[in-house]
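[1] From the sequence below, what's the structure:
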Amino acid sequence: MKIATFNANSVRSRLDAILAWLAEHRPDILCLQETKATDADFPALAFTQAGYHAEFRGEKSYNGVAVLSLEKPKRVLFGFDDGGPADESRLIHAQFGALHVINTYVPQGREIDHAMYAYKLEWFQRLKALFARRFTPRAKAVWLGDLNVAPEPMDVHNPERQARHVCYHEAVRAAFADTVGWGFQDVFRKHCPVPGQYSFYDYRTVGAVRKKMGWRIDHILATPPLARRSLRAGIDLEPRLREKPSDHTFMFAEFEA
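    This is a model prediction of the structure:
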């Protein structure tokens with residue numbers, strides 16, 4: 001079983017790249033973030049024709065999440081259910097038999113002193129509580145997506161300069177670690193322990209991929225029963241090197257069926 005994640009930075013702009021990746025790699029599940037399309041504008045038919053079922057929730061020019069799968073999920077839930085902002089276009093929970101797939105596009109946070117950064121920290125707390133309500137660490141679950149956190153110095157090319165960046169600041173790394181500590185393991189890092197492996201390369205940095213000036217802010221994490229069954233994981237840089245790419249690229253993990 002292959003599960004993958006990709007921040008598309010507009011699903012319609014990156015449709016050809018996504019379809020090509022699906023055709024070449026044929027993942028069982030591909031989770032998308034930042035689709036930037038209303039539900040009416042989401043290109044579901046193109047994915048159906050490629051053999052994938054699509055579940056999605058989005059908004060115009062902003063946010064948006066989707067789960068593409070060879071098998072139709074038996075249950076799909078969008079957003080939080082705790083009485084706070086639902087954020088349905090940032091969180092989708094799809095269940096396939098005993099497998100729970102939670103695809104999230106975590107708020108970036110803007111600046112340390114911005115209200116959105118405080119909201120980002122709270123978002124991780126709410127997500128941890130959501131996990132506790134819906135399943136246990138003994139369940140087979142994978143949490144993945146653009147989580148907007150580089151958790152360790154090895155996850156960003158210049159950590160000494162990023163102490164106050166909203167994706168590396170000590171408070172957000174602690175919030176992320178607390179949520180992961182509820183019962184998840186870093187599947188990518190289990191199989192790829194060396195530094196310098198990044199999933200995001202800023203457009204504004206000329207030659208960022210060649211210069212290895214990136215961040216690992218996309219993640220695939222699994223509960224212990226699923227993590228134990230993981231076989232390999234990786235980042236596919238080739239799509240990031242194409243013309244007009246997303247600033248992110250595909251990350252994947254494979255598990256025993």
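[2] So for the spatially most central residue of the chain, what's the nearest residue that isn't a sequence neighbour?
    By C-alpha atoms, centre = their mean, the chain has its centre lying nearest to residue 145, at 0.7 Å. Sequence neighbours aside, residue 104 is the residue nearest to residue 145 in space, at 4.4 Å (criterion: C-beta to C-beta, 6 or more residues apart in numbering). The way it works is simple: take the backbone N, C-alpha and C, and place the C-beta from them, glycine included.
[3] Next, the distance between the ends of stretch 6-23.
    15 Å (C-alpha to C-alpha, to the nearest Å).
[4] which parts of it are buried?
    6-9, 11, 14, 17-19, 21-22 (16 or more other C-beta atoms under 10 Å).
[5] so how far is that stretch from its chain's centroid?
    14 Å (C-alpha atoms, centre = their mean, to the nearest Å).
[6] contacting residues around that stretch?
    30-37, 41-43, 46-47, 50, 52, 64, 66, 68, 105, 145-146, 200, 218, 236, 239, 242, 244-251 (C-beta atoms under 8 Å, 6 or more residues apart in numbering).
[7] What subset of those residues is buried?
    By 16+ other C-beta under 10 Å, those give 30-37, 42-43, 46-47, 52, 64, 66, 68, 105, 145-146, 200, 218, 236, 239, 245-251 as buried.
[8] Which of those fall in strands?
    30-33, 64, 66, 68, 105, 145-146, 218, 236, 250-251 (DSSP state E).
[9] Now do the residue nearest to the centre of the chain against residue 134, distance only.
    Relative to residue 134, residue 145 is positioned 16 Å away (C-beta to C-beta, to the nearest Å).
[10] Could you pull out the helices in the stretch 151-257 of the chain for me?
    All helices of the stretch 151-257 of the chain, identified by DSSP state H, counting those that start in this stretch, fall at 170-181, 187-191, 208-211, 224-227.
[11] Save those helices as JSON lines, and put in distance to residue 153 and mean neighbour count too.
    Shown next, in JSON lines, are the helices of the stretch 151-257 of the chain (distance: least, C-beta to C-beta, whole Å; neighbours: other C-beta atoms under 10 Å):
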{"stretch": "helix 170-181", "distance to residue 153": "10", "mean neighbour count": "16"}
{"stretch": "helix 187-191", "distance to residue 153": "13", "mean neighbour count": "21"}
{"stretch": "helix 208-211", "distance to residue 153": "18", "mean neighbour count": "14"}
{"stretch": "helix 224-227", "distance to residue 153": "23", "mean neighbour count": "18"}
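[12] So which elements touch the helix or strand of the chain with the lowest mean pLDDT?
    The weakest-scoring helix or strand in the chain, judged by mean pLDDT, DSSP states H and E, is helix 208-211 (a mean of 95). With contacts taken as 3 or more C-beta pairs under 8 Å, 6 or more residues apart in numbering; DSSP states H and E, helix 208-211 sits against no other helix or strand.
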